[in-house]
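Visitor: this one's structure only:
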């Protein structure tokens, strides 16, 4: 009984991070896997779901996602959810600090 | 498919002399088409895609770009490596108001959305490794260049 309850609580806490690029192929997939691995190393394996999506479906995903990691130009005016850059996970520059910022939001 | 299997010695080019990214992509697309690796729609698609979703990466050491386009234009997956004689400007991925002086271009022609993930992870892992990037820049032949890429390419 308590086990089930625990599971349920954990499931409810799961957060979704979406990673979008122009085609949803090469870059967003790569960044999503990299980010997922980094988050696993930091103990967020169970509580975070990282999804690579095509930018054309962005508006649909934005409704349910908690964090948006962008690899394309971000539109003016921003979004309703926190947005971070996915480029550091491709270049290696600033990846650590971008990861920290994402983790800060996940902890909330 | 492993990263190694995506490269071909006849798709590694040294000292390419071009004046623009469009000129480079036109040149490479024509070669890929001749080898029956892409459809004739690939050229226009990859050029257009590069303008809408640029792929210049402001890496720490040698700057790279990874032009690619939809899988529907590709017949057989491959990665073409172009080492440029002089850097050409690519727009920066994620920030179109900046340009990146690119020295090495990896033209990705992929026919599947999921199959190449690990290979791409390995390739991108390379970009943040200064020593291996220097080796790629200094390689004197195709074999040497491929060895630099594949050595230690298990880092994800």
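Guide: Looks like it came in fine. Here the structure is a predicted model, which means the values were calculated and not measured.
Visitor: so what's residue B:56 closest to, chain neighbours aside?
Guide: For residue B:56, ignoring the flanking residues on the chain, the nearest one in space by CB to CB, 6 or more residues apart in numbering or on different chains is residue B:90 at 3.1 Å. The C-beta positions use only the backbone N, C-alpha and C, and glycine is treated the same way.
Visitor: quickly note the distance from that neighbour to chain A.
Guide: 13 Å (CB to the nearest CB, to the nearest Å).
Visitor: now do residue B:129
Guide: 8 Å.
Visitor: rewinding a little: let me see the contact set for the residue nearest to residue B:56.
Guide: Taking CB atoms under 8 Å, 6 or more residues apart in numbering or on different chains, we find residue B:90 in contact with B:21, B:50, B:54-56, B:65, B:99-100, B:102, B:105.
Visitor: can you tell me the SS state at it?
Guide: strand (DSSP: H, G, I helix; E, B strand; the rest coil).
Visitor: and what of residue B:123?
Guide: helix.
Visitor: what's around it, how many residues?
Guide: 22 (other CB atoms under 10 Å in any protein chain shown).
Visitor: residues near the spatially closest residue to it that is not a sequence neighbour, how many?
Guide: Leaving aside its chain neighbours, residue B:123 sits nearest to residue B:3 (6.2 Å; criterion: CB to CB, 6+ apart). Residue B:3: 21 surrounding residues under other CB under 10 Å.
Visitor: now residue B:3: phi and psi?
Guide: Backbone torsions of residue B:3, given as degrees, to the nearest 10, read phi -60, psi -40.
Visitor: please apply the same query to the one 5 residues further on.
Guide: Dihedral angles of residue B:8 (phi, psi; degrees, to the nearest 10) stand at phi -140, psi 140.
Visitor: now swap in the one 5 residues further on and tell me
Guide: When quoted as degrees, to the nearest 10, the phi and psi of residue B:13 stand at phi -120, psi 130.
Visitor: now do the strands in chain B.
Guide: B:12-16, B:56-57, B:64-65, B:78-92, B:95-109 (DSSP state E).
Visitor: buried stuff in the first one?
Guide: Spelled out, that is strand B:12-16. By neighbour count on 16 or more other CB atoms under 10 Å in any protein chain shown, the buried set for strand B:12-16 is B:12-13, B:16.
Visitor: just the last one next, same as before
Guide: If you call a residue buried by 16+ other CB under 10 Å, then strand B:95-109 has these buried ones: B:95, B:99-100, B:102-109.
Visitor: that strand: how far from the chain's middle?
Guide: Its chain's C-alpha centre and that of strand B:95-109 lie 9 Å apart, by CA atoms, centre = their mean, to the nearest Å.
Visitor: quick check, the residue in chain A closest to chain B?
Guide: residue A:92 (2.5 Å; CB to the nearest CB).
Visitor: the residue nearest to that residue when sequence neighbours are not counted - how many residues pack around it?
Guide: Of all residues not flanking residue A:92 in the chain, residue B:128 sits nearest, at 2.5 Å (CB to CB, 6+ apart). Neighbours of residue B:128 under the rule other CB under 10 Å: 20.
Visitor: who's in contact with residue B:128?
Guide: Contacts of residue B:128 by CB under 8 Å, 6+ apart are A:91-93, B:59-60.
Visitor: run through the helices of chain A in chain order.
Guide: According to DSSP state H, chain A carries its helices in the segments A:2-13, A:26-41, A:58-62, A:88-91, A:95-107.
Visitor: nearest to residue B:78, out of those helices?
Guide: Across those, residue B:78 has its closest neighbour in helix A:26-41 (13.4 Å, CB to CB).
Visitor: in the chain, which ranges drop under the pLDDT threshold?
Guide: All of this is about chain A. A:1-12, A:23-25 (pLDDT under 70).
Visitor: not quite, go with chain B.
Guide: B:152-156.
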